[in-house]
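Visitor: with the input below, show me the fold.
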Amino acid sequence: FIDLDGFKPINDKHGHPAGDLVLKEVAKRLEATVRGSDIVARLGGDEFVILQANVTEASEAELLARRIIKRLSAPIDIGEVSVSISGSVGIARSEDFGCDLDLLLSCADQALYRSKAAGKNRLNFSNESDFATARQAA
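Guide: Coordinates of the predicted model:
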C-alpha cells in the first residue's frame, strides 16, 4: 500500500491538472520499478497498491518498497515548475496473514499509517495487531 506524502499541497497550490500530471508520473515510476508479473493499481486519491506474486521472503518486498520510496523522491516536472513528493509504504504478506485480499489491504493500510505517523517517506510491515484489528472490522 503506497500513499503519497505532500500531494495535497501540490493540488492546492498548482491545481488539479498539475496533480493529475503528478499521479501519471507516479504511476509510470511504479510500473518501471516492479516486475512484469506484478500488478500496480491506483485505489483513488493518492493511494496505490502493488500486488507481488511468488515472493517468499519479506526481504524481497522490503527491497521493492525501498526502491519505490527512492524513485518517488525524485523531483517531478509539471510545466515550468518542479515539485517533490515522497511515499509512505505499508506491507502485508499473504504468507503471514492468508490470502483474503480485503484483510491484506486492511493490514497494509494500518502499516502504512504507522509509516506516516513515524515521519513519512518510510515503510512498515503489518503485524499481528494489524491482523487482529482487520479481522474484527471484517
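Visitor: which helix or which strand is home to the spatially closest residue to residue 94 that is not a sequence neighbour?
Guide: Among residues not flanking residue 94 along the chain, residue 104 sits closest, at 6.3 Å (C-beta to C-beta, 6 or more residues apart in numbering). Glycine gets a C-beta too; all of them are placed from N, C-alpha and C. In this structure, residue 104 sits in helix 101-117 according to DSSP states H and E.
Visitor: outside of that helix, which residues touch it?
Guide: Under the contact criterion C-beta atoms under 8 Å, 6 or more residues apart in numbering, helix 101-117 has outside partners 1-3, 5, 49, 88-92, 94, 97-98, 122-127, 130-131, 133-135, 137-138.
Visitor: what helices and strands are in contact with the one helix or strand in the chain whose mean pLDDT sits lowest?
Guide: Sorting the helices and strands of the chain by mean pLDDT, DSSP states H and E puts helix 94-97 at the bottom, at a mean of 75. Applying 3 or more C-beta pairs under 8 Å, 6 or more residues apart in numbering; DSSP states H and E, we find helix 94-97 packed against helix 101-117, helix 128-137.
Visitor: which stretches of this protein have low pLDDT?
Guide: Counting by pLDDT under 70, the chain shows low-confidence ranges at 97-98, 138.
Visitor: switch the cut-off to 80
Guide: Across the chain, the ranges flagged by pLDDT under 80 are 95-99, 134, 137-138.
Visitor: could you pull out the strands for it?
Guide: Using DSSP state E, the strands of the chain run over 2-5, 39-44, 47-51, 76-78, 81-83, 86-91, 123-125.
Visitor: so which of the ones you listed is the most surrounded?
Guide: Highest mean neighbour count among the strands of the chain (mean count of other C-beta atoms under 10 Å): strand 86-91, with a mean of 24.
Visitor: what is that one packed up against?
Guide: Identification of packing neighbours for strand 86-91 by 3+ C-beta pairs under 8 Å, 6+ apart yields strand 2-5, helix 58-72, helix 101-117, strand 123-125.
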